[in-house]
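Chemist: what follows is a predicted structure for the sequence shown.
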Amino acid sequence: MADHFAIKRLTASDCTLFEAVFRTIDAGNQKSINLNADVLIGRLYPNLAAEAVKSGNAIDFYADIYGPDAKPKDRAKHKIIKSMESKNWRLNGATVKGPPDDPTRYDNIRPGDLAIMIFTGIAAPSGLELIVVSQAAPADTNVLAALSPLFGKRTMIEVKPARIREALAGAGISGGHPAWLAAMDREMAAALEDAAEGGHAGTEKLLRSTGGRPVSGAELARAKASAERNGRTGEQLTDAWLAAEVAAGRLARYTWTSATNAVAPYDFETFTTAGERTLIDAKSTSGPFENTIHLSLAEIVAAAGDNPYRIVRVWELTPDGGKLRMSDEIGPFARTLKDLHETHMPAGVRVDGFSLATGALTWGPETHVAAPGEEKVLVDTPIAPSPP
């Protein structure tokens, strides 16, 4: 989940981050976007200077760039740096080139365009979604007009998702525009995630929040794809955590079952030195721990069996990793649900899944799991639903 939101009105020197513009505009050799200190330090990350000292005043992360003209995600590695002679920080790194299938994508960016910045990270940025809104792009015209009044005379502002949501909705901006990424608060993200998994509570919340107007098929498809990607990421982090448990001697071995059998009703099998087998299922979200967990009937039946069965909750996923907690054994709980299903459903009716509050289970301590290896993991957060 995103933690901080800002919008920057690009100056000529800011535009030099984009390679084609750098080659054609006479705006110096900066090749970066200035991040105003009064916003970045004064509003978003008050302790950034202390955090940055640990890495030589250069904080690396991946940036997902959307737009201009509502174009989809383009990923690049960037960093935030501060030079000794400047009070401002800069979004730096290699100049941004158009992707191979769209090499002229960034050619028409110019001063006065907007860069919507969605930062992930509490003490310091660990990821960034950058949405470019261009004066020269037809799909961006109304978005630019809707967001420009938020600035006054300032060049960079902190902004809350509700304010962006209000501006975009008031201008009738389509929910397919990536600017809606910045309109998503935790409640809306959790509701869309739940609805994508078939959850009743999330669906009801979306119906109320949009006044009964429909969520588009494209929005729901994006949310489903995001949930699937986050699920794979959660399994990767669980795999890394279990490998560390084996290395520390707390487990004898384990198997990543779902990596070879996608329909298995659990993700991992672990074995103690005494030979005890435990089944583990990873449930992952880019949002908070409290987001709803979904269990299929097949998972409930497996959990109600003879082997101990536990849930690993992976949450607050970022490109650097995520947080993890292991539940206590859920067999008795699963057997209760299985018995209720078998004794209270009319003939011919079968419930295929259950929505579960995390508070319905008991959990072990929290730990942080770093992304394995040198590569950052991929995390998706769905675009919030919006009025049509």
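Modeler: Structure's in. What do you need? Everything quoted here is computed from the prediction, not taken from an experiment.
Chemist: list the buried residues of the longest helix anywhere in the chain.
Modeler: If you go by DSSP state H, the chain has its longest helix at helix 217-247. By neighbour count on 16 or more other C-beta atoms under 10 Å, the buried set for helix 217-247 is 219-220, 222-224, 226-227, 229-231, 233-242. C-beta here means a position set from N, CA and C on the backbone, and glycine is covered the same way.
Chemist: which residues touch the very next helix or strand once past that helix?
Modeler: Using DSSP states H and E, the next helix or strand after helix 217-247 towards the C-terminus is strand 253-256. Identification of contacts with strand 253-256 by C-beta atoms under 8 Å, 6 or more residues apart in numbering yields 235, 239, 242, 243, 245, 246, 267, 268, 269, 270, 271.
Chemist: give me the mean pLDDT for strand 253-256.
Modeler: In this model, strand 253-256 carries a mean pLDDT of 97.
Chemist: against which helices or strands is the longest helix of the chain packed?
Modeler: helix 186-196, strand 253-256, strand 268-271, strand 277-284, strand 309-318, strand 321-326, strand 367-370 (3 or more C-beta pairs under 8 Å, 6 or more residues apart in numbering; DSSP states H and E).
Chemist: can I get those in JSON lines with mean neighbour count and distance to residue 102?
Modeler: Converted to JSON lines, the helices and strands packed on helix 217-247 look like this (neighbours: other C-beta atoms under 10 Å; distance: least, C-beta to C-beta, whole Å):
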{"stretch": "helix 186-196", "mean neighbour count": "23", "distance to residue 102": "28"}
{"stretch": "strand 253-256", "mean neighbour count": "16", "distance to residue 102": "36"}
{"stretch": "strand 268-271", "mean neighbour count": "18", "distance to residue 102": "40"}
{"stretch": "strand 277-284", "mean neighbour count": "22", "distance to residue 102": "31"}
{"stretch": "strand 309-318", "mean neighbour count": "24", "distance to residue 102": "27"}
{"stretch": "strand 321-326", "mean neighbour count": "21", "distance to residue 102": "31"}
{"stretch": "strand 367-370", "mean neighbour count": "15", "distance to residue 102": "33"}
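Chemist: wait, which of these is closest to residue 89?
Modeler: strand 309-318 (19.8 Å; C-beta to C-beta).
Chemist: quick one, the closest one and strand 277-284 angle?
Modeler: In terms of direction (axes from the mean of the first three to the mean of the last three C-alpha atoms, to 10 degrees), strand 309-318 departs from strand 277-284 by 30 degrees.
Chemist: what's the spacing between residue 174 and residue 161?
Modeler: According to C-beta to C-beta, to the nearest Å, residue 174 and residue 161 sit 17 Å apart.
Chemist: higher neighbour count, these two?
Modeler: Remark: of residue 174 and residue 161, residue 161 carries more neighbours, 21 against 17, as counted by other C-beta atoms under 10 Å.
Chemist: against residue 74, how distant is that one?
Modeler: For residue 161, the distance to residue 74 equals 23 Å [C-beta to C-beta].
Chemist: swap in residue 315?
Modeler: The gap separating residue 315 from residue 74 is 27 Å, by C-beta to C-beta.
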